[in-house]
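Asks: build me a model from this:
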Amino acid sequence: MFLKITESNALSIGKEILQAIAKFEPRVRVKNINVATDEGNQQYVVTLDLVIVAVPTSGSFRLVGTLSTSGFFFNN
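Replies: Numbers count the residues shown, from 1 in each chain. Sure thing, here's the model as predicted:
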């Protein structure tokens, strides 16, 4: 069951994503994360700005995806 789409749940999802990346993917650093609500489509839009730690000159890159009852799917 998917909980109601709320700002509070978006914050919780963002925190969980940050913790999981820190724990399971030490090769990247999160510069920014945004989890926006999309109530009309019953989903969250997740935007991550990441830096590859081992290649500091590589700059950052952005991943955008949607989280819904169907799962998480990258948009880019």
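Asks: contacts for the helix or strand containing I21, please.
Replies: According to DSSP states H and E, I21 maps onto helix 7-24. Residues outside helix 7-24 that contact it (C-beta atoms under 8 Å, 6 or more residues apart in numbering): L3, V28, V30, I33, N34, V35, A36, T37, Y44, V46, L48, L67. For the C-beta atoms, the positions are set from N, CA and C on the backbone; glycine is no exception.
Asks: how about stretch 25-44?
Replies: By C-beta under 8 Å, 6+ apart, stretch 25-44 touches 2, 5-7, 9-11, 13-14, 17-18, 21-22, 45-54, 60, 66-69.
Asks: got the buried residues for that stretch?
Replies: Going by neighbour count (16 or more other C-beta atoms under 10 Å), the buried part of stretch 25-44 is V28, V30, I33, V35, T37, Q43, Y44.
Asks: quick one: strands adjacent to the host helix or strand of the fourth one?
Replies: Applying DSSP H and E as the criterion places V35 in strand 28-38. Paired neighbours of strand 28-38 in the sheet (DSSP bridges): strand 43-52 (antiparallel).
Asks: check which residues of the partner strand are buried.
Replies: Q43, Y44, V45, V46, L48, L50, V51.
Asks: and the angle for that strand with helix 7-24?
Replies: Here the directions of strand 43-52 and helix 7-24 differ by 30 degrees (axes from the mean of the first three to the mean of the last three C-alpha atoms, to 10 degrees).
Asks: okay, now the sheet partners of the helix or strand following strand 43-52, with direction.
Replies: Once strand 43-52 ends, the next helix or strand along the chain (criterion: DSSP H and E) is strand 60-68. Neighbouring strands of strand 60-68 in its sheet, by DSSP bridges, are strand 43-52 (antiparallel), strand 71-74 (antiparallel).
Asks: centre-most residue in the chain?
Replies: Central residue of the chain (C-alpha atoms, centre = their mean): V46, 4.2 Å from the mean position.
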